[in-house]
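**Q** Sequence and computational prediction follow.
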Amino acid sequence: ELNSKDMTCVLKELRDWGEALQFFAWMRNQPGYLPEVFHYNVLFKSLSRAREWNPIQWLMGEMQREGVKRDNVSFSTLISAASRCGQHESALSLFFEMQEEKGLTPDEVTYTAAIRALGKGGKADQALKIYEKMEKDGMRGDGVMYSTLIDLCGKAGKISEAERFFREMGERNVGKNEFVYNAMIDLYAKAGLREEASDILRGMEEEEKRGRGVKVGKITYSILMNLHVRHGEISEAVEIFKMMEKREEEERKTQEIAGSSPQIPIFMDSVAYNTLLFGLKRQKELSAAIALFRGMKEKNLSPS
RNA sequence: GUUGGAAGCCACGCC
């Protein structure tokens, strides 16, 4: 008795891709079932999470057989799926196929997926060319695209290009988000440019004070802890960790006052613990490491 | 239409 939208919903809720495909098989046997692009898109996403490239290829074939046309959602999902599955050449050919054969115009999401896939495939120069072409076609990058570009440039050692994008966001009034700040801090930290990293952090703190929706959060803190750990500055890393604990405690109290009970840590996660544990290991601070590890369980965090 | 894109640690694998 399920309608098509309900089926989309069920497919999405089935976390296990095998179960999702079984349910899909059942759906297709129902009388009057009509194939829908939504169903395929949800399945693509599920298989992408599981990094299962073979069933994705099979589904693309089924889609074609059923005459279901892929849209921008399909292609952006497929491009990032191919990338996650290590199919770099497929990611790129999907991007060209959609334009040349299907006559679709990629939207900003599809462009970002393609740019990120090229970056992950070690082709930063080609990624930047695609961005330039997009600009020539009159499309503008949004905050997500800029964070992707900046991260990609940082990982490819193109610091000045990353800086150019960071400036460009200001010039074009694209709001700077947490991802962009974190990516900038991380790339400066890894390049050993600590002064520059501090400048970005200060800018981020300013934005937080102004209430622009940017928050110095656990990822920023982990990046900074990692910076200190890499320089053998374990006490500085410990200081940051303590600050995270303090902010966690404050947050927990506010939630209690507000009457909500969830005990999900906001400023703490296993990466924060891993970073500090790694630092303590480097310094051969075994007893401190053991104490920290035991503390994880009290915080409802499970070691990975 | 509850369908798509971005940032941090370690380990392993590949170059």
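**A** Thanks, I have the structure now.
**Q** For RNA strand B, give me its nearest residue in the stretch 201-304 of chain A.
**A** A:Asn274 (3.0 Å; C-beta to the nearest atom of the strand). Every residue, glycine included, has its C-beta placed from N, CA and C.
**Q** what helices or strands is the helix or strand harbouring A:Met60 leaning on?
**A** Assessed by DSSP states H and E, A:Met60 sits inside helix A:53-66. Helix A:53-66 is packed against helix A:37-49, helix A:72-84, with contacts defined by 3 or more C-beta pairs under 8 Å, 6 or more residues apart in numbering; DSSP states H and E.
**Q** what's downstream of the last one, the next helix or strand?
**A** On the C-terminal side of helix A:72-84, the nearest following helix or strand under DSSP H and E is helix A:88-100.
**Q** in that next one, what counts as buried?
**A** By neighbour count on 16 or more other C-beta atoms under 10 Å, the buried set for helix A:88-100 is A:His88, A:Ser90, A:Ala91, A:Leu92, A:Leu94, A:Phe95, A:Met98.
**Q** just stretch A:137-152 next, same as before
**A** A:Met139, A:Gly141, A:Asp142, A:Val144, A:Met145, A:Tyr146, A:Ser147, A:Thr148, A:Leu149, A:Ile150, A:Asp151, A:Leu152.
**Q** and it, how far out from the chain's middle?
**A** From the chain centre to the centre of stretch A:137-152 is a distance of 14 Å (C-alpha atoms, centre = their mean, to the nearest Å).
**Q** and if you look at stretch A:148-167?
**A** That offset, for stretch A:148-167, works out to 17 Å (C-alpha atoms, centre = their mean).
**Q** Ok, stretch A:180-200 next?
**A** Centroid separation for stretch A:180-200 versus its chain: 19 Å, with C-alpha atoms, centre = their mean.
**Q** now for the helix or strand containing A:Ile257, which elements pack on it?
**A** In this assignment (DSSP H and E), A:Ile257 forms part of helix A:234-258. Applying 3+ C-beta pairs under 8 Å, 6+ apart, we find helix A:234-258 packed against helix A:218-230, helix A:270-282.
**Q** Not counting the first one itself, show me its contacts.
**A** Read it as helix A:218-230. Contact with helix A:218-230 is made by A:178, A:181-182, A:185-186, A:189, A:194, A:197, A:201, A:204, A:234, A:236-237, A:240-241, A:243-244, A:266-269, A:271-272, A:275-276, A:278-279, A:282, as judged by C-beta atoms under 8 Å, 6 or more residues apart in numbering.
**Q** How about the residues of the stretch 1-150 of chain A by RNA strand B?
**A** Counting by C-beta under 7 Å from any atom of the strand, the residues of the stretch 1-150 of chain A close to RNA strand B are A:4-5, A:7-9, A:12, A:36-38, A:41-42, A:45, A:72-77, A:80, A:107-113, A:116, A:142-145, A:147-148.
**Q** Now list the buried members of those residues.
**A** A:7-8, A:12, A:36, A:38, A:41-42, A:45, A:72-77, A:80, A:108-113, A:116, A:142, A:144-145, A:147-148.
**Q** then the helix or strand A:Ile200 falls within to CSV, C-alphas only?
**A** Here A:Ile200, judged by DSSP H and E, is contained in helix A:194-209. Extracted as CSV, the C-alpha positions of helix A:194-209 are listed here (Å, rounded to 0.1, in the frame of the first residue of the first chain):
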residue,chain,number,x,y,z
ARG,A,194,52.0,29.7,12.2
GLU,A,195,51.7,33.5,12.2
GLU,A,196,49.3,33.3,9.2
ALA,A,197,47.3,30.6,10.9
SER,A,198,46.9,32.7,14.0
ASP,A,199,45.7,35.6,11.9
ILE,A,200,42.9,33.5,10.5
LEU,A,201,42.0,32.2,13.9
ARG,A,202,41.7,35.8,15.2
GLY,A,203,39.5,36.6,12.2
MET,A,204,37.3,33.6,13.0
GLU,A,205,37.0,34.6,16.7
GLU,A,206,36.0,38.1,15.6
GLU,A,207,33.2,36.7,13.4
GLU,A,208,32.1,34.5,16.3
LYS,A,209,31.8,37.5,18.6
